[in-house]
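Novice: Give me coordinates for this.
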Amino acid sequence: MEPIEIVALAEREPMPGFRGRFVHTENMTLAYWRITQDAALPEHSHFHEQVVNVLEGELELTVGVTTRVLRPGAVWVIPSGIPHSGRALTVCRVLDVFQPVRDDYR
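Specialist: Residues are numbered from 1 along each chain as shown. Below is the predicted model:
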């Protein structure tokens, strides 16, 4: 397999304010997000395990009943089936890693 240039991938906006480029392997999906300030992620859950990596900006994230503001360098593992929601306090760049593959992001 050859290296992938993220900027060469088509950018999609699956929800308002969340623009992403997606890399899929056999077992996981990497979602490279550009999130506009004040964009909200409604509460939801899924069977995928999710690892949230904040690269730039400030992201308020609620996992279960716990709310935290994540800044660059913060990582939060969200287990399968746990309700979570969020809001970009600033413009953000986030890398989400999902296992198994997010077919809805193909």
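Novice: tell me which element the residue most central in space within the chain falls in.
Specialist: The structure's the chain has its C-alpha centroid closest to Asp96; by C-alpha atoms, centre = their mean the separation is 3.7 Å. Applying DSSP states H and E as the criterion places Asp96 in strand 92-99.
Novice: Alpha carbons of the helix or strand where Arg34 lies, as PDB, please.
Specialist: Using DSSP H and E, the element containing Arg34 is strand 29-35. In PDB, the C-alpha atoms belonging to strand 29-35 read as follows (Å, rounded to 0.1, in the frame of the first residue of the first chain):
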ATOM      1  CA  THR A  29     -11.400   4.300  10.100                       C
ATOM      2  CA  LEU A  30      -9.400   7.400  10.600                       C
ATOM      3  CA  ALA A  31     -11.500  10.600  10.400                       C
ATOM      4  CA  TYR A  32      -9.500  13.900  10.000                       C
ATOM      5  CA  TRP A  33     -12.000  16.600  10.900                       C
ATOM      6  CA  ARG A  34     -12.000  20.400  10.500                       C
ATOM      7  CA  ILE A  35     -14.700  21.600  12.800                       C
END
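Novice: so what secondary structure elements neighbour the strand holding Asp96?
Specialist: strand 29-35, strand 49-56 (3 or more C-beta pairs under 8 Å, 6 or more residues apart in numbering; DSSP states H and E). In short, each C-beta sits where N, CA and C put it, glycine included.
Novice: residue ranges for the strands of this structure, please.
Specialist: Ranges of strands in the chain, per DSSP state E, are 12-15, 18-24, 29-35, 40-44, 49-56, 59-63, 66-70, 75-78, 84-88, 92-99.
Novice: For the closest residue to Ala88 other than its chain neighbours, give me its contacts.
Specialist: Computed as C-beta to C-beta, 6 or more residues apart in numbering, the closest residue to Ala88 that is not its neighbour in sequence is Ile35, at 4.4 Å. Residues in contact with Ile35 (C-beta atoms under 8 Å, 6 or more residues apart in numbering) are 17-19, 57, 59, 88, 91-94.
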